[in-house]
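Enquirer: Sequence below, structure please.
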Amino acid sequence: MEDKAKALIVWLILNGETEKALEQLAKQHSVSVPNLEVGLPKKHKKRAAGCYTARNKTISVLNSDTLKNPFIILHEFYHHLRTTVDQKQKGTEKYANEFARDFIEAYRRVVAEALGNN
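Expert: The predicted structure follows:
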């Protein structure tokens, strides 16, 4: 995925169009669009801002503000991607973090270039 496409995904999330961002991600990676819900499952409430449940293919976030957090949304999408492709939760937290950071860094590069700060 090129920087501009990744930057668009981050921009959509930052601007509250998270479902649209997930649709674009799913299309780019040829996987189903994960469900999205506000409110964490009971076992995650005290220690996470987001989680992915493979059983129902759902990204859950702590609150509505979290829907605009690209790092969390992209991190959890990575878990969806790995589960969908490999049929099991194979993606480690390290790789999920790297996946999210890659998109955010692409966004920063595209914005810097657009502002002439490259």
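Enquirer: ok, Gly39 - contacts?
Expert: Neighbouring residues of Gly39 by CB atoms under 8 Å, 6 or more residues apart in numbering: Ser60, Val61, Leu62. Any C-beta I mention is one placed from the backbone N, CA and C, and that applies to glycine too.
Enquirer: And for Lys68?
Expert: Lys68 neighbours (CB under 8 Å, 6+ apart): Ile13, Leu14, Asn15, Gly16, Thr18.
Enquirer: can you pick the most crowded of those?
Expert: For the contacts of Lys68, the largest neighbour count, defined by other CB atoms under 10 Å, is 27 neighbours, found at Ile13.
Enquirer: Just the residues contacting the helix or strand where that one lies, thanks.
Expert: Ile13 is part of helix 3-14, with elements assigned from DSSP states H and E. For helix 3-14, contacts defined as CB under 8 Å, 6+ apart pick out 18, 20-21, 24-25, 28, 67-70, 73-74, 102-104, 106-107, 109-111.
Enquirer: 6 Å instead, please
Expert: Lys20, Ala21, Gln24, Lys68, Pro70, Ile73, Phe103, Ile104, Ala106, Tyr107, Arg109, Val110 (CB atoms under 6 Å, 6 or more residues apart in numbering).
Enquirer: Arg47: which element?
Expert: Judged by DSSP H and E, Arg47 forms part of no helix or strand.
Enquirer: Distance check, it against Leu40.
Expert: Relative to Leu40, Arg47 is positioned 9 Å away (CB to CB, to the nearest Å).
Enquirer: What about the chain, which residue is the most distant from its middle?
Expert: Within the chain, the residue lying farthest from the chain centre (CA atoms, centre = their mean) is Gly116, at 27.6 Å.
Enquirer: Buried ones in the longest helix that the chain contains, by neighbour count?
Expert: With secondary structure taken from DSSP state H, the chain has its longest helix at helix 93-114. By 16 or more other CB atoms under 10 Å, the buried positions in helix 93-114 come out as Ala96, Phe99, Ala100, Phe103, Ile104, Ala106, Tyr107, Arg109, Val110.
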